[in-house]
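**Q** what's the 3D shape of this:
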Amino acid sequence: MCTTSVTQEGDIFQAKGTHTHAADPLMRKKVELKRNLKTEAVVDVFAASRRLVDDHMKVFEATDFNLPKAQTLTRILNRARATHR
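**A** Model prediction:
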């Protein structure tokens, strides 16, 4: 079990503890994927969520693992744009 935690005060981040696992090399791509999907979903409210997800999932390669499921991303998009319809 990893006991590392991060605290934030304003724009200052402090890490406490040590990691007991390897870093996820795809984390940056996953975060950027969700951010880009939400941004585009709000801009084009009536576009099909699944099409947006499929278009943006192309940044990953066939060898990448532990990816977010398309169904989960579709649900995230629908929730993000629910107030904009």
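**Q** so which residues of this structure form helices?
**A** All helices of the chain, identified by DSSP state H, fall at 27-43, 49-56, 70-81.
**Q** elements contacting the last one?
**A** I take that to be helix 70-81. Applying 3 or more CB pairs under 8 Å, 6 or more residues apart in numbering; DSSP states H and E, one finds that helix 70-81 contacts helix 27-43, helix 49-56. From N, CA and C alone the C-beta is placed, and that goes for glycine too.
**Q** repeat for the shortest one
**A** Secondary structure elements in contact with helix 49-56, counted by 3+ CB pairs under 8 Å, 6+ apart, are helix 27-43, helix 70-81.
**Q** quick one: it to helix 27-43, angle?
**A** 140 degrees (axes from the mean of the first three to the mean of the last three CA atoms, to 10 degrees).
**Q** buried ones in helix 49-56?
**A** Within helix 49-56, the residues scored as buried using 16 or more other CB atoms under 10 Å are 49, 52-53, 56.
**Q** that older thread, using TSV, lay out the helices and strands packed on helix 70-81 together with distance to residue 17.
**A** Shown next, in TSV, are the helices and strands packed on helix 70-81 (distance: least, CB to CB, whole Å):
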stretch	distance to residue 17
helix 27-43	18
helix 49-56	33
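**Q** mean pLDDT lowest where, among those?
**A** Ranked by mean pLDDT, the helices and strands packed on helix 70-81 bottom out at helix 27-43, which scores a mean of 90.
**Q** give me the contact list for that one.
**A** 24, 47, 49, 52-53, 56-57, 59-60, 64, 67-68, 73, 76-77, 80-81, 84 (CB atoms under 8 Å, 6 or more residues apart in numbering).
**Q** please apply the same query to stretch 73-85.
**A** Residues contacting stretch 73-85 (CB under 8 Å, 6+ apart): 33-34, 37-38, 41-42, 45-46, 49-50, 52-53, 57.
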